[in-house]
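A.B. asks: Requesting a structural model of the entry that follows:
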Amino acid sequence: LLDLHGVPGSQNGEIHSGACMRDSGGQNVDFFQMEGNTENREMALKAIRAMAKYSKDKDALWGIQVINEPHLHNDQEHQFLKSFFKDSCKAIREEGIPMDK
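C.D. replies: Predicted coordinates:
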């Protein structure tokens, strides 16, 4: 199982995801709250593509986890995550990993 454990910009604003950031109200700032910042999302998708390309011919591949422990605070972030999952799956398939692997 390959795991993108920390996405660019942090998926939850916690230390274990590579960044610990708080806004002026003390809330964690993360990947989902960076509205309009597509650069981190695109870097994450690029990393997922690289993971898929590297592992597509590996018999031991069990799966690719595209994000670890995202913290979602509202419906907009849920929609962002749903879109990110769809784009991640599409990127993995485009690199040649079939649905049954």
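A.B. asks: CA atoms for contacts and neighbours, from now on please.
C.D. replies: OK.
A.B. asks: How about the residue positioned nearest the centre of the chain, nearest residue that isn't a chain neighbour?
C.D. replies: Ranked by distance to the mean C-alpha position of the chain (C-alpha atoms, centre = their mean), the top residue is Ile67 at 3.8 Å. Of all residues beyond its chain neighbours, the one nearest Ile67 is Leu4 (5.7 Å), with distances taken as C-alpha to C-alpha, 6 or more residues apart in numbering.
A.B. asks: Can you report how many residues neighbour that neighbour?
C.D. replies: 17 (other C-alpha atoms under 10 Å).
A.B. asks: if I look at it, how far off is Glu94?
C.D. replies: 18 Å (C-alpha to C-alpha, to the nearest Å).
A.B. asks: what's the neighbour count on Ala52?
C.D. replies: 23.
A.B. asks: The one 4 residues further on too?
C.D. replies: Applying the criterion other C-alpha under 10 Å, we find 18 residues in the vicinity of Lys56.
A.B. asks: State the pLDDT value of it.
C.D. replies: Predicted confidence (pLDDT) for Lys56: 92.
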